[in-house]
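1. I need the structure of the sequence given here:
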Amino acid sequence: MNETIIVFHIGELITVRGPNRLRKGSEMDQVETIKNGYVVVRDGFFCDIGGGEGFRAYEGRDVIMIDGTGLTVTPGLIDSHTHLVHAGSREHEFHQKIKGVSYLDILKQGGGILHTVKKTREASFEDLMKQARKSLKTMLCYGTTTIEAKSGYGLNMETEMKQLQVAQRLAQLYPVEIHHTFLGAHAIPTEYKNNKAGFLRELEIMLEEVWKSGLAEFCDVFCEEGVFSISEARDLLSKAKKLGYGLKIHADEIIPLGGAGLACELGCISADHLMASTEEDMKKMANSGVVANLLPLTSFSLNKDFAKARMMIEAGCGLAISTDYNPGSSPSENLQLAMQIASMKMRLTPKEVITAVTINAAYSIRQEHRIGSIEVGKEADFVLFDCPNLDYLIHHFGINHVKDVYKKGKNVVLNQKNVFEEEKI
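-> Take a look at the predicted model:
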């Protein structure tokens, strides 16, 4: 029997309908809003969207009717930069952070990423599953229906594979869509401290083996002073591209090395962080169509400058917003908070923000044809927020506005609580 769901009399329906491509510059603020709207879902797909009483044509005995009065409905949120699978946390570094010890200095002391690498190597598959599962459920309760999950806390074949296998298993068990990124080039492991060339050769082997395994669709490199240089990142990503990976890059987070420009040269899907990117590279990104994936919670957590989002939009860039969830520099799964900080500190309008976490985020993981907007034929991923309009969702910060969450037409969060069956790990 076909299942039909109707959400009607929606206070404000934010469809983000439009071209299935990166929305750039002023386009990001051009978002369709329907007052007193409705959506009709059949067999997991949107089959009608509109306003007023048009939904009456679909009413029937077996139709599930949901009153949206006073609610805001948006597409399911997409977090396109996370480090979901890891062991442990780094709260022991918090005192160093608030005293002003830099992120790179903590890394040089064997902390930061390297601390998490040690913990992740020691953790069992089951331990990693348990920790990541908790974070995944938190993300879902905040309205995130799709994520990108990076490896990068193994820095050796065994643990990188383990991280990717955990993410794959989670995607099979739980109703959050996960897209997988190999980030073996996240740091130089302790055992290669004085032999970077040796680690680069090891990375080439890992690139090939991970690709053969089918565990990752994207490859990422942390291009930063003291980590991987422009030339090293170019070499690694070029090899990844030949294998068939989609390319991403951690670029210009701290030092303006030119990682954003490299992303344009290589045809990366996204360049992420970009707090230190130059105006020249912003123009290159706008012309090339590379997604500028901004991570405001990282700036907030590290007490660093925020990426120049307004300048990027004025240059014609297309922006995504993500949490960068990780155990050190952004220990938060709350994409709503990232949206709010992006607006308050980076001066993005609420419509620009919702574009950044829906259709542009979908584009950054090559899924814009399936998800990222509420329109006929797309999968029915959507969120019911207990607030009157989009502006309120951004204005009233620091709480969870989610009422219900739907993934592929199934109600997976009801009144902020997961309703899917708990699988045993």
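2. remind me which residues of this structure are low pLDDT?
-> The chain contains residues with pLDDT under 70 at 1-2, 103-104, 106-110, 419-425.
3. count of neighbours near D62?
-> 8 (other Cβ atoms under 10 Å). For the C-beta atoms, the positions are set from N, CA and C on the backbone; glycine is no exception.
4. try R61
-> R61 - counted by other Cβ under 10 Å - has 4 other residues nearby.
5. Now it, what are its backbone angles?
-> Taking degrees, to the nearest 10, you get phi -60, psi -40 for the backbone angles of R61.
6. same check, this time on V39
-> According to degrees, to the nearest 10, V39 has phi -130, psi 140.
7. Please tell me how far it sits from Q30.
-> Noted for V39: a distance of 20 Å to Q30, by Cβ to Cβ, to the nearest Å.
8. Tell me the spacing between N360 and V40.
-> Taking Cβ to Cβ, one finds N360 at 26 Å from V40.
9. Also G50?
-> Distance from G50 to V40, by Cβ to Cβ: 9 Å.
10. quick one, which of those two is more surrounded?
-> V40 (22 against 15).
11. That one contacts I49, doesn't it?
-> Yes. Under the criterion of Cβ atoms under 8 Å, V40 makes contact with I49 at 7.4 Å.
12. Report the secondary structure element holding Q168.
-> Element membership for Q168, per DSSP states H and E: helix 157-173.
13. Alpha carbons only: can I get that helix in PDB?
-> In PDB, the C-alpha atoms belonging to helix 157-173 read as follows (Å, rounded to 0.1, in the frame of the first residue of the first chain):
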ATOM      1  CA  MET A 157      46.200   1.700   6.800                       C
ATOM      2  CA  GLU A 158      44.600  -0.300   9.500                       C
ATOM      3  CA  THR A 159      43.000   2.500  11.400                       C
ATOM      4  CA  GLU A 160      42.000   4.600   8.400                       C
ATOM      5  CA  MET A 161      40.200   1.600   7.100                       C
ATOM      6  CA  LYS A 162      38.600   1.000  10.500                       C
ATOM      7  CA  GLN A 163      37.300   4.500  10.700                       C
ATOM      8  CA  LEU A 164      35.800   4.300   7.200                       C
ATOM      9  CA  GLN A 165      34.300   0.800   8.000                       C
ATOM     10  CA  VAL A 166      32.600   2.200  11.100                       C
ATOM     11  CA  ALA A 167      31.100   5.100   9.200                       C
ATOM     12  CA  GLN A 168      29.800   2.700   6.500                       C
ATOM     13  CA  ARG A 169      28.300   0.400   9.200                       C
ATOM     14  CA  LEU A 170      26.600   3.400  10.900                       C
ATOM     15  CA  ALA A 171      25.100   4.400   7.500                       C
ATOM     16  CA  GLN A 172      23.600   0.900   7.200                       C
ATOM     17  CA  LEU A 173      22.100   0.900  10.600                       C
END
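14. Whichever helix or strand comes after it pairs with which strands, parallel or anti?
-> Next along the chain after helix 157-173, taking DSSP H and E as the criterion, comes strand 177-185. Using DSSP bridges, strand 177-185 pairs in its sheet with strand 144-150 (parallel), strand 218-223 (parallel).
15. how far does strand 177-185 sit from the chain's center?
-> 11 Å (Cα atoms, centre = their mean, to the nearest Å).
16. Likewise for stretch 45-57?
-> The answer for stretch 45-57 is 30 Å, by Cα atoms, centre = their mean.
17. One more: stretch 236-254?
-> 17 Å.
18. Pull up the distance across it, start to finish.
-> 21 Å (Cα to Cα, to the nearest Å).
19. tell me which residues of it are tucked away?
-> Applying a neighbour-count criterion of 16 or more other Cβ atoms under 10 Å, one finds 236-237, 240, 245-254 buried in stretch 236-254.
20. Show me those residues that map onto helices.
-> 236-237, 240 (DSSP state H).
21. What number of neighbouring residues does E59 come out with?
-> 11.
22. what ranges do the strands span in the stretch 201-350 of the chain?
-> According to DSSP state E, counting those that start in this stretch, the stretch 201-350 of the chain carries its strands in the segments 218-223, 246-251, 270-273, 291-294, 319-321.
23. I'd like those strands as TSV, with distance to K162 appended.
-> Formatted as TSV, the strands of the stretch 201-350 of the chain follow (distance: least, Cβ to Cβ, whole Å):
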stretch	distance to K162
strand 218-223	18
strand 246-251	21
strand 270-273	23
strand 291-294	26
strand 319-321	28
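24. what's the closest of these to S329?
-> strand 270-273 (10.0 Å; Cβ to Cβ).
25. so how far is the closest one off the chain centroid?
-> For strand 270-273, the distance to the chain centre is 11 Å (Cα atoms, centre = their mean).
26. pretty sure G246 contacts W211?
-> No. Taking contacts as Cβ under 8 Å, G246 lies outside contact range of W211: 11.4 Å.
27. sorry, back to before: can you say which of the strands paired with strand 177-185 is packed in most?
-> strand 144-150 (a mean of 28; mean count of other Cβ atoms under 10 Å).
28. Between V39 and Q30, which has more neighbouring residues?
-> Legend: neighbour count by other Cβ under 10 Å for V39 and Q30, higher for V39 (27 against 12).
29. what's the nearest residue to V40 if we skip its chain neighbours?
-> The shortest distance from V40 to any non-neighbouring residue, by Cβ to Cβ, 6 or more residues apart in numbering, is to D48 (4.0 Å).
30. Please spell out which residues along the helix holding Q168 are buried.
-> So for helix 157-173, counting by 16+ other Cβ under 10 Å, buried means 159-171, 173.
31. ok, residues contacting that helix?
-> Helix 157-173 has contacts (Cβ atoms under 8 Å, 6 or more residues apart in numbering) with 84-86, 117, 120-121, 125, 128-129, 132-133, 136, 149, 151-154, 176-178, 180, 182, 184, 202, 205-206, 209-210, 213, 215-216, 423.
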